[in-house]
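J.: Attaching a predicted model along with its sequence, questions to come.
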Amino acid sequence: MSIPSTPHEAASTRRNLRRLSIIEAAAGLFAELGYNACEMERVAAEIGVAKGTVYLYFSGKQELFFACVDLGMTQMQQAVLEAARKADGPFDRISLAIRAYLDFFDQHPQYVELIIQERAIFKDRKRPTYFEYRDANVGVWRELYRSLIASGHLRCDLPAERILDTVGYLLYGTMFTNHFNGRTVSLEEQHTSMLEIVFRGILSERERPIVTIGRPQAGE
C-alpha cells in the first residue's frame with residue numbers, strides 16, 4: 001500500500017481500512033450466527049467500536065450484509081484473475097484459474113455461507129450476487145475459449161458459451177459439495193481430476209468414435 005501524501009488521503013485510507021475491518025468481521029459473524037441473529041451491536045463488539053461507528057459506514061444490517069457478499073465475490077474474482085496472469089499458456093491459464101477458485105472457497109468458507117443465506121433470505125433479488133460477478137467477469141474467459149476454438153485447440157462443435165456454462169456449473173457445484181460434505185481428497189487431487197475429465201473426457205480412445213452424445217444408440 002502506498003503512503004498517503006496528504007492529510008485528506010490519510011483520512012480516506014483510514015476510513016477505507018475501518019470499513020474493510022467492519023465488513024470482514026461481519027462476514028464471519030453472518031456466516032457463524034446467521035443473518036437474523038447477527039445484529040449491528042454484535043458486529044461493533046467484535047471489532048471493539050461503538051455501534052454508532054458501524055452506522056457511520058452502513059445504514060443497516062442489509063446494506064452491511066450485501067457489502068460482505070460483494071467483498072467475497074470481488075476477492076474471489078481477483079484471486080482467479082491474478083492466478084491466471086501467471087500462466088505460460090492458455091491451458092495453464094485455465095488450470096491455474098480453476099485451482100485458485102477451489103483454493104479461495106476452501107480458505108474462505110464464510111463466503112459460501114453468505115451465498116446460501118442470500119439466496120434463502122433475499123429471494124426477491126433479480127439475480128444472486130455470485131452470478132452478477134460471474135457475468136461481469138466472464139468476458140475474458142469467453143474470448144479465451146473462442147480463440148482456442150478458432151485455432152483448432154478445442155472442438156468447433158462446442159460453442160464457447162456451452163463450455164463456460166459447463167465448467168462454471170462444475171465449479172459451482174464442487175464449491176457447495178466441498179462445503180457441505182467436506183473434501184474426500186486433497187485439493188490437488190480434486191483439481192487434477194477435474195482437469196482430466198474436462199480436457200480429456202471419460203471415454204477411452206476406442207469408445208470415442210462409437211458413442212454418440214445426446215442421441216439414442218442403435219437398438220434403443
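T.: Looks like it arrived, so ask away. Quantities reported herein were computed from a predicted structural model and do not represent experimental measurements.
J.: next helix or strand past the helix or strand residue 91 falls within?
T.: If you go by DSSP states H and E, residue 91 is part of helix 90-107. For helix 90-107, the following helix or strand on the C-terminal side (DSSP H and E) is helix 109-121.
J.: What helices and strands are in contact with that following helix?
T.: helix 7-33, helix 61-85, helix 129-137, helix 160-181 (3 or more Cβ pairs under 8 Å, 6 or more residues apart in numbering; DSSP states H and E). (Each C-beta comes from the backbone N, C-alpha and C, glycine too.)
J.: can you pull the pLDDT of the spatially most central residue of the chain?
T.: When Cα atoms, centre = their mean is applied to the chain, the residue found nearest the centroid is residue 76 (4.7 Å). Listed pLDDT for residue 76 reads 98.
J.: Can you give me the distance of it to residue 212?
T.: 38 Å (Cβ to Cβ, to the nearest Å).
J.: Could you do residue 55 as well?
T.: 62 Å.
J.: same question, residue 54
T.: Residue 54 is 60 Å from residue 212, by Cβ to Cβ.
J.: out of the two, which sits in the busier spot?
T.: Each of residue 54 and residue 212 has its neighbours counted (other Cβ atoms under 10 Å); residue 54 has more, 25 against 9.
J.: Excluding residues flanking it in the chain, which one is nearest that one?
T.: Nearest non-adjacent residue to residue 54, counting by Cβ to Cβ, 6 or more residues apart in numbering: residue 44, 4.9 Å away.
J.: Show me the shaky parts of the protein.
T.: Where the chain drops to pLDDT under 70, the residues are 1-5, 213-220.
J.: how about a cut-off of 50?
T.: Under the criterion pLDDT under 50, the flagged ranges of the chain are 215-220.
J.: related to what we said a few turns ago, contacting residues for the residue nearest to the centre of the chain?
T.: Counting by Cβ atoms under 8 Å, 6 or more residues apart in numbering, residue 76 touches 101, 104, 105, 108, 111, 133.
J.: out of those, which is most surrounded?
T.: residue 111 leads these on contacts (other Cβ under 10 Å) with 24 neighbours.
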